[in-house]
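A.B. asks: Below are the sequence and a predicted model; questions follow.
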Amino acid sequence: MLWFILRRCGSAVIVLFLSSVLIFLGIRALPGDPATVMAGQEASPAAIEAIRHEFGLDKPLPAQYVDYVVQTVTGNFGRSTQDQLPVIDILAERIPVTLELSALAMLVAIIVGVGAGIVAAVRRGRFADYVATGFGLAGLSVPHFWLGLLGILLFAVTWQVLPASGYVPFTEDPGQNLQRMILPALVLGTGFAAILMRQTRSAMLGALSADYVRTARSKGLPEVKVVGAHALRNSLTTVVTVLGLQLGALISGAVVTEQIFVIPGFGKLTVDAVLTRNYPVIQAVVLVTVVGYVVVNLLVDIAYAFLNPRIRLSGGGHD
Amino acid sequence: MSLLEITDLRVGFRTEDGLVQAVRDISLTLDEGEILALCGESGCGKSVTAMSVPRLLPPDTTELSGSIKLDGRELTTLPESELRRVRGKTVSVVFQEPMTSLNPSFTVGYQIAEVLRRHEGLSRQGAAKRAEELLELVGIPAPGRRMKEYPHQLSGGMRQRVMIAIAVACSPRVLIADEPTTALDVTIQAGVLDVFRDLRDRLGTAIILITHDLGVVADIADRAVVMYAGRAVEQAPVAQLFAEPRHPYTLGLMKALPSAAVNGRLAEIPGMVPSPMSDPDECAFHDRCPRAQDDCRLSRPPLERQADRHLAACFHPGGGK
């Protein structure tokens, strides 16, 4: 098991290295010379050269890459071109907001999606199944922005039970924070729940018709144990896979959702940075996204191993 | 009174194309400590007959009538919650596919202990201890180590032994073994059959053995029921069945045994099994039967006594090989 985790960590490090090279080269490949831009149009060649030297841009590319890695690892992402704040401070402010939103959305999705998926599979071809698959299709088809606007209209304007938008940090006022986060989390979690529901349903249908479920029934176990332990345990691999794969959708969904609900999170930061060509921020945002992906995939792999003894005991390979 | 009495059992499955009648008017009895073989080719209804006892058939699509009495208690009308106390405790099952019948996500020890905790009310430790003894009973070496292993770490024969350990954990009165040796290596088959024999001798468990392998029947069974197209066509003590098969279908099965091969060629039974959808009033075997005459097409031969404890459903029964 330890060997398995070490191996997965090793491959994660390789992915991080390669993506850092890509990000580095991508920024360097952008048209325009940053030194010329900084020095201004009227600057003398000597001034431009001085700036080049100051920022290490006259060094060969490998040396520049090493500088970049050292600065990144020490948390120095440079300063935002908009307000001159250190990028690291901006990230530290924005990331927890999106993490909270994503975690809440994921919670909604898991509870609703996995729950409905199990019920739909157990009650296959009955009323509950049709309701679940019907809502699943709707949840999958409805775009985030429309659902968000509808939610604001319904809960904030018509019924006036929830605030329309804005953000209050959890540390300042937990109640206010949750009140403002619940609608965005529901909106962001809906599509996710629909996908989870469908995957859980089909995985559970497969498991419920498996021979080992028949064995469990032949032991006289109550249906709760047959479904909840024997069938569900073998469906969880699928659920975890979908969770991992859908994280990308969650990030892009957060971009839209944060925009609608005016939540100062990572997604909104990304959009704003792109719109204002804030290169240091874009660079950091891309890197953080990559790290996020790699970490989640690593966690998914480790979760696999916990769920599936065949992976855990063979040290990684599928048989 | 017999331990198990099945009377006029009919089982059908509703499908989109109509009702598929898998079992038609089967009546049989099983005594304590008896090993009864249900034989016949695939689709003859032998598994469905046996699975009707603990009612392990899909509840949504199954239509069942007739009576199944275990120790005088009617099982066909027993509510599901009561039935769950019978399954695994009084009636247990060993399934055909040892490779897929165990749950890949749980250890062998857990899967055996589970049934003990359910029916015997044992504690976690008590159940684990008993599970280890059971593994030893079914002939698994180093049971302590095997307890913590997962099904994929075991060979097919080992897994089948684990299935048997689960099935016998609560000392059932009736054990249903559905083709328990079919998926196994020939060398392992004998070992598994020994486990069954041992069990019967030690605990007095009655066993319903479902098989299409007459070699297995001859090896272990006391009595055999030969089924064809959902009906019992012959029923006799095993020695008598092999010495004097009466029904031409039984005879055909025996000629298809490798040991009965003439000039290295196995004899096959010509023709096809009739559709389970229709059920005309005729002998279901007549168009494959070498002895068929006009009366076989006019009405269905009833299951009649041919000799003491020997029943056959044929208008023109044979007298021997």
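C.D. replies: Thanks, I have the structure now. Numbering: from 1, shown residues only, chains lettered A, B, ... in the order given.
A.B. asks: avg pLDDT for the lengthiest helix in chain B?
C.D. replies: Longest helix of chain B, by residue count under DSSP state H: helix B:186-203. Average pLDDT, helix B:186-203: 86.
A.B. asks: Next, the buried residues of that helix.
C.D. replies: Using 16 or more other C-beta atoms under 10 Å in any protein chain shown as the test for burial, helix B:186-203 gives B:Ile188, B:Gln189, B:Gly191, B:Val192, B:Leu193, B:Val195, B:Phe196, B:Leu199, B:Arg200. (C-beta placed from N, C-alpha, C; glycine too.)
A.B. asks: quick one, the next helix or strand after it and helix B:186-203 angle?
C.D. replies: On the C-terminal side of helix B:186-203, the closest following helix or strand by DSSP states H and E is strand B:206-211. Here the directions of strand B:206-211 and helix B:186-203 differ by 160 degrees (axes from the mean of the first three to the mean of the last three C-alpha atoms, to 10 degrees).
A.B. asks: Quick check: next helix or strand after strand B:206-211?
C.D. replies: helix B:214-220.
A.B. asks: That following helix - contacts with which helices or strands?
C.D. replies: strand B:35-39, helix B:186-203, strand B:206-211, helix B:238-243 (3 or more C-beta pairs under 8 Å, 6 or more residues apart in numbering or on different chains; DSSP states H and E).
A.B. asks: Now do the first one and strand B:206-211, the angle between them.
C.D. replies: By that I understand strand B:35-39. Using the same axes, to 10 degrees: strand B:35-39 against strand B:206-211 is 20 degrees.
A.B. asks: mind checking how far strand B:35-39 is from the chain centre?
C.D. replies: 6 Å (C-alpha atoms, centre = their mean, to the nearest Å).
A.B. asks: List the buried residues of it.
C.D. replies: For strand B:35-39, by 16+ other C-beta under 10 Å, it's B:Ile35, B:Leu36, B:Ala37, B:Leu38, B:Cys39.
A.B. asks: Let me know the average pLDDT across that strand.
C.D. replies: 95.
A.B. asks: what's the nearest residue to A:Asn297 if we skip its chain neighbours?
C.D. replies: Of all residues not flanking A:Asn297 in the chain, A:Gly244 sits nearest, at 5.8 Å (C-beta to C-beta, 6 or more residues apart in numbering or on different chains).
A.B. asks: Domain map for chain B?
C.D. replies: Domain segmentation of chain B under automatic domain parsing yields B:4-228, B:248-321.
A.B. asks: returning to that earlier point: tell me the two of the buried residues of strand B:35-39 that are most distant?
C.D. replies: The distance between the two most remote of those (C-beta to C-beta) is 12.5 Å, for B:Ile35 and B:Cys39.
A.B. asks: if you go through the stretch 101-250 of chain A in chain order, where are the strands?
C.D. replies: Remark: strands of the stretch 101-250 of chain A are absent; assignment by DSSP state E, counting those that start in this stretch.
A.B. asks: Would you mind finding the most buried of the domains of chain B?
C.D. replies: Looking across those with neighbours counted as mean count of other C-beta atoms under 10 Å in any protein chain shown, the highest average goes to domain B:4-228: a mean of 19.
A.B. asks: before we move on, the earlier item: for chain A, find the nearest of the helices and strands packed on helix B:214-220.
C.D. replies: Taking C-beta to the nearest C-beta, strand B:206-211 is the member of the helices and strands packed on helix B:214-220 nearest to chain A, at 13.5 Å.
A.B. asks: Sheet partners, orientation included, of that closest one?
C.D. replies: Paired with strand B:206-211 in the same sheet, following DSSP bridges, are strand B:35-39 (parallel), strand B:174-178 (parallel).
A.B. asks: Show me the residue at the heart of the chain, geometrically.
C.D. replies: No chain in the question, so chain A it is. Centroid check for chain A by C-alpha atoms, centre = their mean gives A:Leu247 as the closest residue, at 3.8 Å.
A.B. asks: hm, I was asking about chain B
C.D. replies: Chain B, centroid-nearest residue using C-alpha atoms, centre = their mean: B:Ile210 at 2.6 Å.
A.B. asks: for chain B, what spans make up the helices?
C.D. replies: So, for chain B - with DSSP H - the helices run B:46-51, B:80-86, B:108-119, B:124-137, B:143-146, B:156-168, B:186-203, B:214-220, B:238-243, B:248-255, B:294-298.
A.B. asks: Any part of stretch B:90-109 near chain A?
C.D. replies: Yes - residues of stretch B:90-109 contacting chain A under C-beta under 8 Å from any C-beta of the partner chain: B:Ser92, B:Val93, B:Phe95, B:Glu97, B:Thr100, B:Ser101, B:Leu102, B:Asn103, B:Pro104, B:Ser105, B:Phe106, B:Thr107.
A.B. asks: From the opening residue of that stretch to its closing one, how far?
C.D. replies: Start to finish, the residues bounding stretch B:90-109 are 21 Å apart (C-alpha to C-alpha, to the nearest Å).
A.B. asks: Kindly report the same for stretch B:23-40.
C.D. replies: From start residue to end residue, stretch B:23-40 stretches across 13 Å - C-alpha to C-alpha.
A.B. asks: How about the residues of chain A by chain B?
C.D. replies: Counting by C-beta under 8 Å from any C-beta, chain A comes close to chain B at A:210-212, A:214-222, A:230, A:233-234, A:307-310, A:313, A:319.
A.B. asks: Derive a ChimeraX selection command for the buried subset of these.
C.D. replies: Entered in ChimeraX, the line below selects the buried ones among the residues of chain A next to chain B, by 16+ other C-beta under 10 Å:
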select /A:210,211,212,214,215,216,217,218,219,220,221,230,233,234,307,308,309,310
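A.B. asks: For chain B, give me its nearest residue in the stretch 51-200 of chain A.
C.D. replies: For the stretch 51-200 of chain A, C-beta to the nearest C-beta, closest residue to chain B: A:Gly125, 8.1 Å.
A.B. asks: Need phi/psi at that residue.
C.D. replies: Main-chain torsions, A:Gly125, degrees, to the nearest 10: phi 80, psi 0.
A.B. asks: what's near enough to touch it?
C.D. replies: Neighbouring residues of A:Gly125 by C-beta atoms under 8 Å, 6 or more residues apart in numbering or on different chains: there are none.
A.B. asks: contacting residues around stretch A:128-144?
C.D. replies: A:116-117, A:119-121, A:123, A:187-188, A:190-191, A:193-195, A:197-198, A:201, A:253, A:256-257, A:260.
A.B. asks: Just give me the neighbour total for A:Gly75.
C.D. replies: Applying other C-beta atoms under 10 Å in any protein chain shown, we find 12 residues neighbouring A:Gly75.
A.B. asks: residue contacts, the nearest residue to B:Ile269 once chain neighbours are set aside?
C.D. replies: Of all residues not flanking B:Ile269 in the chain, B:Gly252 sits nearest, at 4.1 Å (C-beta to C-beta, 6+ apart). Counting by C-beta under 8 Å, 6+ apart, B:Gly252 touches B:Ala267, B:Ile269, B:Arg288.
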